[in-house]
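1. I would like the atomic coordinates for the input below:
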Amino acid sequence: MLRVREAWTAALEAVPPGEVGGTDLLRRRWIAAVLTFGVEAAEGWLSLLASLPAAALPAASLPAGSKDSRAVTTPAAPDLVNGLIYLQAAREWIAQMPLQSLSELAVTGNELAEALEKRPGPWLGNMLSALLQATAAGDLLNNKRELLLEAKRMDGHEL
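-> All right, here's what the predicted structure looks like:
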């Protein structure tokens with residue numbers, strides 16, 4: 001769960017508030033974290049965020065115009081505050097993922113190596129990872145034909 005939190009914090013720091021396309025970038029980074037650390041860890045982090053009472057958040061995180069009179073004594077923790085803001089979205093992003101692990105990908109490493117007429121090697125893991133990420137984000141359909149076509153396209157451009 002801590003690694004999920006670290007990935008989320010890094011994503012929030014990389015995307016300035018209000019940036020055009022920022023929500024999609026956060027969604028993609030969240031999906032990458034889910035694929036890397038697992039659905040269980042991601043959902044655990046979301047459950048932890050959901051269980052935090054509002055009083056546990058730093059005073060600096062209170063919305064503008066709030067009637068709370070607490071003094072701001074600590075800086076806001078953006079990963080917690082923004083985690084709460086994006087809590088429902090993150091749950092929806094997980095639910096919308098058409099696959100959540102490499103074993104669900106409609107093409108195997110052996111099939112990729114054969115289709116590209118290449119010997120397996122480090123390139124294969126990179127390509128599988130890229131195909132998994134694109135499919136989980138909804139950019140590709142999880143079918144063998146489309147994945148092999150994309151792999152051939154990607155093979156023309158080094159990963």
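
2. the residue nearest to Val39 when sequence neighbours are not counted: what's it in contact with?
-> Nearest non-adjacent residue to Val39, counting by C-beta to C-beta, 6 or more residues apart in numbering: Gln100, 5.2 Å away. (C-beta placed from N, C-alpha, C; glycine too.) For Gln100, the residues meeting the contact criterion (C-beta atoms under 8 Å, 6 or more residues apart in numbering) are 34-35, 39, 94, 136.

3. in ChimeraX, select just the buried ones from the residues you listed.
-> Selecting only the buried members of those in ChimeraX, with burial defined as 16 or more other C-beta atoms under 10 Å, works like this:
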select :34,35,94,136
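
4. which one of the contacts of Gln100 is nearest Leu124?
-> Among the contacts of Gln100, Leu35 lies closest to Leu124 (C-beta to C-beta), at 16.9 Å.

5. mind listing what that closest one touches?
-> 100-101, 132-133, 136.

6. cool, Leu99 as well?
-> Leu99 touches 105, 132, 135-136, 142, counting by C-beta under 8 Å, 6+ apart.

7. just those: which are in helices?
-> 132, 135-136 (DSSP state H).

8. can you tell me the closest non-neighbouring residue to Leu141?
-> Going by C-beta to C-beta, 6+ apart, Leu141 has Thr135 as its nearest residue, at 7.4 Å.

9. isn't that neighbour right next to Asn142, touching?
-> Yes. With contacts counted by C-beta atoms under 8 Å, Thr135 reaches Asn142, the gap being 5.0 Å.

10. the two - which one has more neighbours?
-> Shown here are Thr135 and Asn142; by other C-beta atoms under 10 Å, Thr135 has more neighbours (24 against 18).

11. next one: the more buried one from Ser101, what distance?
-> Using C-beta to C-beta, to the nearest Å, Thr135 is found at 11 Å from Ser101.

12. that concludes my questions; thank you for your assistance.
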